[in-house]
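# Give me a model of this one.
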Amino acid sequence: AVAENESIEATGAMASAADRFNINSQLEHLQSRYVGTGHADTNRFEWAVNIHRDSYAAYVGRPTMLQYFAVAENESIGRVRYNMMQKMLLPCGLPPEREEE
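Model (predicted):
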């Protein structure tokens, strides 16, 4: 019975290492395929820009969300759509200065 438990624990440890490798390879595949998922060199600003643009695109693509924002801001739907499209250009302001290495 002890030998069976040891073999189960050993295979469980191996399975988790294989799972980690599989998860990492899937993550690398997603990061290479989709821009918004980032990569190892994505900095905080780029990540925030991707999140903001994705959110604005989702809001503009859903008429009911545009209606909600229009009512909340007391603006027309067209004006809300225009403002969100403008915010997609620089959603987090200008990028920070890059440090020279």
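
# So which residues of this structure form helices?
With DSSP state H as the criterion, the chain has helices at 2-33, 44-60, 63-73, 77-87.

# of all those, which has the lowest average per-residue confidence?
The stretch with the lowest average pLDDT out of those is helix 2-33, scoring a mean of 68.

# hang on, Met65 packs against Ser55?
No - judged on Cβ atoms under 8 Å, Met65 makes no contact with Ser55 at a distance of 10.0 Å. Glycine gets a C-beta too; all of them are placed from N, C-alpha and C.

# quick one, which of the helices of the chain is nearest to Gly93?
Comparison of the helices of the chain against Gly93 by Cβ to Cβ identifies helix 44-60 as nearest, at 9.0 Å.

# Export only the CA atoms of the closest one, formatted as CSV.
Written as CSV, here are the backbone C-alpha positions of helix 44-60 (Å, rounded to 0.1, in the frame of the first residue of the first chain):
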residue,chain,number,x,y,z
ARG,A,44,2.5,48.5,-17.3
PHE,A,45,1.6,51.4,-19.7
GLU,A,46,1.2,49.1,-22.7
TRP,A,47,-1.0,46.7,-20.7
ALA,A,48,-3.2,49.6,-19.4
VAL,A,49,-3.6,50.9,-23.0
ASN,A,50,-4.7,47.5,-24.2
ILE,A,51,-7.2,47.1,-21.4
HIS,A,52,-8.7,50.6,-22.0
ARG,A,53,-8.9,50.2,-25.8
ASP,A,54,-10.5,46.8,-25.4
SER,A,55,-13.1,48.2,-23.0
TYR,A,56,-13.9,51.2,-25.3
ALA,A,57,-14.2,48.9,-28.3
ALA,A,58,-16.6,46.7,-26.3
TYR,A,59,-18.7,49.7,-25.3
VAL,A,60,-18.9,51.1,-28.8
